[in-house]
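Colleague: The amino acid sequence is not available; the structure is as follows:
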């Protein structure tokens, strides 16, 4: 019976007890490190967590005095993200997330070229739908819902 | 292995359990085995005063905690006009900011305490004697820098207490003829403690002092490694056969690390249970709060100036107080030269009694200072 021989061998039992002790010590060390590391992580992450909470909004009201003229756009913050509100020549209002889907630069409205353009790597978006027209962006700009009421515009998530 | 021109590290088997592998690969390039061998040959004396050998290491641990928590505070601290507001944010707004700040303050105080214990224990063990003079001198300079770290760091929150403590602290050297202009133009950055002061104290505390402190600490530790632990005279007088030693690695190192763990626990427990307070913002138009006093490690000097000031009124008293304090500093600096012929094993009672006088005087004045607040 080779199994029982192995179990009864005192030379084999000793290292096993030692292994257990070492695993236990290792576990205590990991817990100690985590107890020190957790507050440090939370300390460093505070602004990121706060801004994430700040970004969790569903709509933004843009007051009348900030509204763009016909054929122009205005930039605003949707929570913490850059966004743009465009007032087209035909009177239509559209709003997009203004962060390029390629590598995160802020895009700009170019009415003379009839496009939304990212100068970083030449990403070009359709100024009415936000779809990619040219360049490296993998997808279009996210569009917001725009409601025009008396005096101001409300931009909300779709 | 006859064809190999590279000598095999002899003791590599002691570091790496297996032949080959990453450990062996690293060992061949970094010489880890040699380091371990060196550490294994190093031995630490074991006697009834061995406990005092830990205090240099404990001071070092507190310094490491200071660097770590100091860098973390740097993430949110803003010197200058917003100093108080940024410390208020760290203490009340940022998650666990109170804990980091509290750990930094507690560890600073514990570090000053540990450095004093380290210095006095070496003074009484006569560890400044040949060949350890440079270790002693570099240690005194480190102590001076630790006090400066404390003084400059105390202002940074710009609350009421730190404002007045710095005001008074800078007033004292200003009384020395010729120093007033220097303190005004260079140290304080104006006639009043303000934005300019806190900004330059921050530069001193977080850049200049660490830049000077770290290489000096490296030199100090190199000397400790080079000369090993000093034997107290009573122990050195014993014949070699009667002296006991333990290996540095792993025995002493394990004990040292256990001490570090205890010290780290003391910091975290104190920082958690007794978080450091933040007072009202500094306001030059508000009178100083009653019972204002310096941090405990400046208390003996503060009380000395008060006592001598009552005895010899006016400017002469200040000069006498500072002269006495200066004399103590000079005595500590020249002690290795003053006590040169005392070979190992000789007790040199005069220096011992002077040391007792200094330590007793410091403790007595500190207790007295707190008693009459």
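Modeller: The structure has been received and is ready for your questions. Keep in mind the model is a prediction, meaning the values are calculated, not measured.
Colleague: and the biggest helix by length in chain A, does that touch chain B?
Modeller: What stands out as the longest helix in chain A, according to DSSP state H, is helix A:10-55. Yes: Helix A:10-55 lies within reach of chain B by CB under 8 Å from any CB of the partner chain, at A:36, A:39, A:40, A:42, A:43, A:44, A:45, A:46, A:49. C-beta coordinates here come from the backbone N, C-alpha and C atoms, glycine included.
Colleague: out of those residues, who has the most neighbours?
Modeller: Taking other CB atoms under 10 Å in any protein chain shown as the neighbour criterion, residue A:43 ranks highest of these with 22 neighbours.
Colleague: what residues are up against that residue?
Modeller: B:72, B:75, B:94, B:95, B:96, B:97, B:99, B:100 (CB atoms under 8 Å, 6 or more residues apart in numbering or on different chains).
Colleague: Try it again at 10 Å.
Modeller: Residue A:43 makes contact with B:69, B:72-73, B:75-76, B:90, B:94-101, according to CB atoms under 10 Å, 6 or more residues apart in numbering or on different chains.
Colleague: Report the entries of those that also contact chain A.
Modeller: Restricting the contacts of residue A:43 to those near chain A by CB under 10 Å from any CB of the partner chain leaves B:69, B:72-73, B:75-76, B:90, B:94-101.
Colleague: What parts of chain A come near chain B?
Modeller: Selection of chain A residues close to chain B by CB under 10 Å from any CB yields A:32, A:35-36, A:38-47, A:49-50.
Colleague: What about the closest residue in space to residue B:362 that isn't next to it in sequence, how many residues nearby?
Modeller: The shortest distance from residue B:362 to any residue other than its chain neighbours is 4.4 Å, reached at residue B:300 (CB to CB, 6 or more residues apart in numbering or on different chains). If you count neighbours by other CB under 10 Å, residue B:300 ends up with 22.
Colleague: Equivalent analysis for the one 5 residues further on, please.
Modeller: By the other CB under 10 Å criterion, the neighbourhood of residue B:305 contains 21 residues.
Colleague: For it, give its distance to chain A.
Modeller: 40 Å (CB to the nearest CB, to the nearest Å).
Colleague: Name all residues that make contact with that residue.
Modeller: B:168, B:172, B:175, B:317, B:318, B:320, B:321, B:322, B:324, B:325, B:365.
Colleague: Just the buried subset of the residues you listed, please.
Modeller: Listed as buried from the contacts of residue B:305 are B:168, B:172, B:317, B:318, B:320, B:321, B:322, B:365; burial here means 16 or more other CB atoms under 10 Å in any protein chain shown.
Colleague: now, which of those lie within helices?
Modeller: B:168, B:172, B:317, B:318, B:320, B:321, B:322, B:365.
Colleague: OK, contacts around the third one?
Modeller: The neighbourhood of residue B:317, defined by CB under 10 Å, 6+ apart, consists of B:305, B:306, B:307, B:308, B:309, B:310, B:311.
Colleague: Can you list which of the residues you listed are found in helices?
Modeller: B:305, B:306, B:307, B:308, B:309, B:310, B:311.
Colleague: tell me which of those is nearest to residue B:145?
Modeller: residue B:305 (22.3 Å; CB to CB).
Colleague: quick revisit: need the residues of helix A:10-55 next to chain B in JSON lines (columns: distance to residue B:142 and pLDDT).
Modeller: Converted to JSON lines, the residues of helix A:10-55 next to chain B look like this (distance: CB to CB, whole Å; pLDDT from 0 to 100):
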{"residue": "A:36", "distance to residue B:142": "26", "pLDDT": "94"}
{"residue": "A:39", "distance to residue B:142": "29", "pLDDT": "97"}
{"residue": "A:40", "distance to residue B:142": "27", "pLDDT": "97"}
{"residue": "A:42", "distance to residue B:142": "34", "pLDDT": "97"}
{"residue": "A:43", "distance to residue B:142": "29", "pLDDT": "97"}
{"residue": "A:44", "distance to residue B:142": "30", "pLDDT": "97"}
{"residue": "A:45", "distance to residue B:142": "35", "pLDDT": "96"}
{"residue": "A:46", "distance to residue B:142": "34", "pLDDT": "96"}
{"residue": "A:49", "distance to residue B:142": "40", "pLDDT": "92"}
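Colleague: Report the contact partners of the residue of the stretch 151-300 of chain B found nearest chain A.
Modeller: Residue nearest to chain A within the stretch 151-300 of chain B (CB to the nearest CB): residue B:268, separated by 7.8 Å. Contacts for residue B:268 were tallied using CB under 10 Å, 6+ apart; they are A:32, A:35, A:36, A:39, B:65, B:99, B:102, B:103, B:106, B:107.
Colleague: quick one: which of those is nearest to residue B:250?
Modeller: residue A:32 (19.8 Å).
Colleague: With residue B:264 as the reference, measure out to that closest one.
Modeller: 9 Å (CB to CB, to the nearest Å).
Colleague: what does residue B:118 give?
Modeller: From residue B:118 to residue B:264 the distance is 17 Å (CB to CB).
Colleague: Ok, residue B:237 next?
Modeller: Counting by CB to CB, the gap from residue B:237 to residue B:264 is 37 Å.
Colleague: Show me how the record splits chain A into domains.
Modeller: A:2-55, A:59-156 (automatic domain parsing).
Colleague: Next, report how far the last one is displaced from the centre of its chain.
Modeller: For domain A:59-156, the separation from the chain centroid amounts to 18 Å (computed by CA atoms, centre = their mean, to the nearest Å).
Colleague: before we move on, back to that, more crowded one of residue A:32 and residue B:264?
Modeller: For residue A:32 versus residue B:264, neighbours defined as other CB under 10 Å are more numerous around residue B:264 (19 against 14).
Colleague: which intervals of the chain have sub-threshold pLDDT?
Modeller: Since no chain was named, I'll use chain A. A:1-14 (pLDDT under 70).
Colleague: that's the wrong chain, I meant chain B
Modeller: B:1-15, B:17-19, B:340-347.
Colleague: Those residues of it touching chain A, which are they?
Modeller: Counting by CB under 10 Å from any CB, chain B sits next to chain A at B:68-69, B:72-73, B:75-76, B:89-90, B:93-101, B:103, B:261, B:264-265, B:268, B:272.
Colleague: Which ones among those map onto helices?
Modeller: Per DSSP H, the residues of chain B next to chain A map to helices at B:68-69, B:72-73, B:89-90, B:97-101, B:103, B:261, B:264-265, B:268, B:272.
Colleague: From those residues, keep the buried residues only.
Modeller: B:68-69, B:72-73, B:89-90, B:97-101, B:103, B:264, B:268.
Colleague: May I see these arranged in a markdown table, with distance to residue A:27 as well?
Modeller: Below are those laid out as a markdown table (distance: CB to CB, whole Å):
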| residue | distance to residue A:27 |
| --- | --- |
| B:68 | 24 |
| B:69 | 26 |
| B:72 | 26 |
| B:73 | 31 |
| B:89 | 36 |
| B:90 | 33 |
| B:97 | 29 |
| B:98 | 29 |
| B:99 | 24 |
| B:100 | 26 |
| B:101 | 31 |
| B:103 | 24 |
| B:264 | 18 |
| B:268 | 19 |
